[in-house]
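>>> requesting a structural model of the entry that follows:
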Amino acid sequence: MNNKLLFVVILAPQMLSDKHNINKLKEINKMKQTTKNFLGLGLVIAISSGVAGVTTYSIISPKKTAQTYEDLFPQNPNVQRASYSLSAAAPVDFTMAAENSVHAVVHIKSTINEKTTTVDVQDPFSDFFGDFFGNRGGGGQRQVQQPKQEGVGSGVIISKDGYIVTNNHVIDNSDEITVTLNDKREFKARLIGADAPTDLALIKIEGKDFPTLPVGNSDELKIGEWVLAVGNPFNLSSTVTAGIVSAKARNLGMGGGGVESFIQTDAAVNKGNSGGALVNTRGELVGINSAIYSPTGAYAGYGFAIPSSIMTKIIADLKQYGTVQRALLGIKGGDNSAEISKDKDLGVNDGVYVDEVIEGGSAADAGFKVKDVIIEINGKSIKSMAELQETIARQTPGSKIKVKVVRDKKEKVLDVTLKNSQGNTKVVKNAGMEILGAAFRELPKDLKEQLNLSYGLQVTGVSSGKMQQAGITKGLIILKVNGQPVKSVADFETLFKVATQSPEQVLFMAGMFPSGKRVNYAVDLSTKD
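Here you go, the predicted model:
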């Protein structure tokens, strides 16, 4: 622009002369100033227009389109959406399921009668060897009166001839069990069998055509599915609450070596609901309510039920054999995790980590190794110890299963034949103390004083049976069984039951005769098929 302006200024004098030229020159200079002002203004306008144009272009025609939510957060294309229709959106109807359930769910009262027990009062300065010789040498005893105790719970009628499933902790140690139906009829029940590891028990009332609750498949329960909890909380009969399935295969870490694979629900469950029914909307029994998670002992948001898939197997065993035919995998371990996997370089983040393989057990025979990670059994994914326990709890000794493990970051399938606690696949029978062929009594006070003993169990008679075969005769005072002191018949019964379920199936007895002679016996409890 400056070149053009200079061109005009230079050419103008060549066309002018004299005064006329001077006047023309003034006019030209005036025009020059005007042109300069005009061209300056044009330059400003041009520059402003250019900036505005660039800005306008940027707004109207962006170089890159803004990204959407879907662009920024890509979704998994394999996720299925829930189907929904307005016609099917009516509230869930619980009335039929509730009506059927309340008639089959019963109230249970368990009673422990008043009794007197003998308690040892130990002398801190007694003979160092006193325990070995029956706690002689100092100390004494006193009588303690235990008052009558009553507890309440619930149960579910599962057969028209009066078989009822409940929790073991509802009837444990009871002297008397009373069942009240929803129609107020009352019955005395007898214990058929109980299983502490799963907290299940089977009792029976006499009669016919009792209302029953059909059993559903707890495996088919879905997280978020509606369920009903039916029972007798706080001694209130026929109470129904509703909630959803919050979780499955839940392990509460209660310890005790029990099977923990609970259905978790937010249906209100309180004291007295134990042994009651967890029912789906079709009115099918899918669980037995067993526990609550609470800092106060009352409902605090979640209840827990034993799945029907475990219940049916346990209860069938109790009726058929009197005891559970429990299969054991023969490993010790726990839930695998990303932290454990990284620390031990396992190559997988879930499943069950094998910390120990028990010698002579099912897993040892199948070739399991420490650091194996169990991820699948018979095609079913195993992500936790709770799922492993639930799966094995359904099996019986002698069952053959395929277990997939990750070993050295490679998958391997192991064929396993499951064994029982005795290390074989035989049927375990619920042998009663009658197989011993003996009668017992707690050591009387005068004999304790005579022999300077503070406890003992005396054999008052021996007939044909296991104790006679071992050479035991009338008069023997049993002081210890398998290394444990025996102070009452109840102590002996407990040790006997433990021994019948052990691999050895032997009672090692240490005792003495009134003459002072000390003896030891080994009583074989095994039975021939």
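>>> tell me which element residue 320 falls in.
helix 308-321 (DSSP states H and E).
>>> ranges for the helices of the protein?
2-11, 18-60, 69-72, 95-104, 168-171, 308-321, 338-344, 362-366, 385-393, 445-451, 466-469, 489-500 (DSSP state H).
>>> worst mean pLDDT among these?
Least confident of those, judged by mean pLDDT, is helix 2-11 with a mean of 36.
>>> what is the end-to-end distance of stretch 350-367?
21 Å (Cα to Cα, to the nearest Å).
>>> only the buried residues of that stretch, if you could.
Within stretch 350-367, the residues that qualify as buried are 350-354, 357, 361-363, 365-366, counting by 16 or more other Cβ atoms under 10 Å. For the C-beta atoms, the positions are set from N, CA and C on the backbone; glycine is no exception.
>>> and the two most separated of those?
350 and 365 (25.9 Å; Cβ to Cβ).
>>> just the strands in the stretch 401-529 of the chain please.
Along the stretch 401-529 of the chain, the stretches classed as strands by DSSP state E, counting those that start in this stretch are 410-417, 438-442, 457-462, 477-481, 484-485, 506-512, 518-524.
>>> quick one: stretch 331-343 to chain centroid distance?
Relative to its chain's centre, stretch 331-343 lies at 18 Å (Cα atoms, centre = their mean, to the nearest Å).
>>> quick one: contacts for residue 493?
Taking Cβ atoms under 8 Å, 6 or more residues apart in numbering, we find residue 493 in contact with residue 433.
>>> run the last query once more with 10 Å
432-433, 440 (Cβ atoms under 10 Å, 6 or more residues apart in numbering).
>>> and these, which of them are buried?
For the contacts of residue 493, buried by 16+ other Cβ under 10 Å: 433, 440.
>>> of the contacts of residue 493, closest to residue 207?
Closest to residue 207, out of all of the contacts of residue 493 and judged by Cβ to Cβ, is residue 432, at 26.4 Å.
>>> quick one, what contacts that closest one?
Taking Cβ under 10 Å, 6+ apart as the test, what residue 432 contacts is 322, 493, 496-497, 500.
>>> give me that answer again for 6 Å
When the contact criterion is Cβ atoms under 6 Å, 6 or more residues apart in numbering, residue 432 has no partners at all.
>>> what pLDDT does the model give it?
pLDDT at residue 432 comes out at 76.
>>> any idea how far residue 465 is from it?
11 Å (Cβ to Cβ, to the nearest Å).
>>> repeat that for residue 314.
From residue 314 over to residue 465 the distance is 30 Å, taken as Cβ to Cβ.
>>> quick one, which of the two is more surrounded?
residue 314 (27 against 16; other Cβ atoms under 10 Å).
>>> the more buried one touches residue 198, doesn't it?
Yes: between residue 314 and residue 198 there is a contact under Cβ atoms under 6 Å: 5.2 Å.
>>> got the contact list for residue 505?
525-526.
>>> cool, the one 3 residues further on as well?
The neighbourhood of residue 508, defined by Cβ under 6 Å, 6+ apart, consists of 482, 522.
>>> what bridges to it?
Here residue 508 sits in beta bridges with residue 522, going by DSSP bridges.
>>> how close does it get to residue 470?
10 Å.
>>> go on, residue 241?
Following Cβ to Cβ, the distance that separates residue 241 from residue 470 is 55 Å.
>>> show me which of these two is the more surrounded one.
Applying other Cβ under 10 Å to residue 241 and residue 470 shows that residue 241 carries more neighbours, namely 20 against 16.
>>> phi, psi of the nearest residue to that one once chain neighbours are set aside?
For residue 241, ignoring the flanking residues on the chain, the nearest one in space by Cβ to Cβ, 6 or more residues apart in numbering is residue 268 at 4.1 Å. Main-chain torsions, residue 268, degrees, to the nearest 10: phi -60, psi 120.
>>> can you give me the neighbour number for residue 268?
20.
>>> same question, residue 441
So residue 441, with other Cβ under 10 Å, has 12 neighbours.
>>> so it sits right up against residue 456, yeah?
No: contact between residue 441 and residue 456 fails when scored by Cβ under 6 Å: they sit 10.0 Å apart.
>>> which parts of the stretch 251-400 of the chain are strands?
Going by DSSP E, counting those that start in this stretch, the stretch 251-400 of the chain shows strands at 262-265, 277-280, 285-292, 303-307, 331-335, 352-357, 373-377, 380-381, 400-407.
>>> same list (these) but as JSON lines, adding mean pLDDT and distance to residue 102.
Below are the strands of the stretch 251-400 of the chain laid out as JSON lines (pLDDT from 0 to 100; distance: least, Cβ to Cβ, whole Å):
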{"stretch": "strand 262-265", "mean pLDDT": "93", "distance to residue 102": "18"}
{"stretch": "strand 277-280", "mean pLDDT": "95", "distance to residue 102": "9"}
{"stretch": "strand 285-292", "mean pLDDT": "92", "distance to residue 102": "13"}
{"stretch": "strand 303-307", "mean pLDDT": "93", "distance to residue 102": "17"}
{"stretch": "strand 331-335", "mean pLDDT": "94", "distance to residue 102": "38"}
{"stretch": "strand 352-357", "mean pLDDT": "96", "distance to residue 102": "40"}
{"stretch": "strand 373-377", "mean pLDDT": "96", "distance to residue 102": "38"}
{"stretch": "strand 380-381", "mean pLDDT": "94", "distance to residue 102": "35"}
{"stretch": "strand 400-407", "mean pLDDT": "96", "distance to residue 102": "39"}
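>>> quick one: low-confidence ranges for the stretch 51-200 of the chain?
Where the stretch 51-200 of the chain drops to pLDDT under 70, the residues are 51-65, 68, 70, 72-73, 75-76, 79-90, 118-141.
>>> now do 90
Within the stretch 51-200 of the chain, the stretches with pLDDT under 90 are 51-94, 100, 113-148, 173.
>>> give the contact list for residue 468.
Residue 468 makes contacts with 437, 462, as judged by Cβ under 6 Å, 6+ apart.
>>> ugh, wrong one, residue 288
If you count contacts by Cβ under 6 Å, 6+ apart, then residue 288 has 305-306, 311 around it.
>>> from residue 237, how far off is it?
For residue 288, the distance to residue 237 - Cβ to Cβ - is 18 Å.
>>> also residue 424?
Residue 424 is 46 Å from residue 237, by Cβ to Cβ.
>>> state which strand of this protein is the longest.
strand 239-250 (DSSP state E).
>>> tilt between it and strand 285-292?
90 degrees (axes from the mean of the first three to the mean of the last three Cα atoms, to 10 degrees).
>>> chain center to strand 239-250: distance?
That offset, for strand 239-250, works out to 14 Å (Cα atoms, centre = their mean).
>>> again, but for stretch 231-242
Using Cα atoms, centre = their mean, the offset of stretch 231-242 from its chain centre is 24 Å.
>>> and what of stretch 160-172?
The chain centre lies 21 Å from the centre of stretch 160-172; the measure is Cα atoms, centre = their mean.
>>> report the buried residues of that stretch.
Of all the residues in stretch 160-172, those buried under the rule 16+ other Cβ under 10 Å are 162-171.
>>> residues in contact with the nearest residue to residue 276 once chain neighbours are set aside?
Distances taken as Cβ to Cβ, 6+ apart place residue 231 nearest to residue 276, at 2.7 Å, with adjacent residues excluded. Residues near residue 231 by Cβ under 6 Å, 6+ apart: 154, 273, 276.
>>> as CSV, those with neighbour count and distance to residue 449 would be great.
Listed next are these as CSV, based on neighbours: other Cβ atoms under 10 Å; distance: Cβ to Cβ, whole Å:
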residue, neighbour count, distance to residue 449
154, 28, 49
273, 30, 51
276, 34, 52
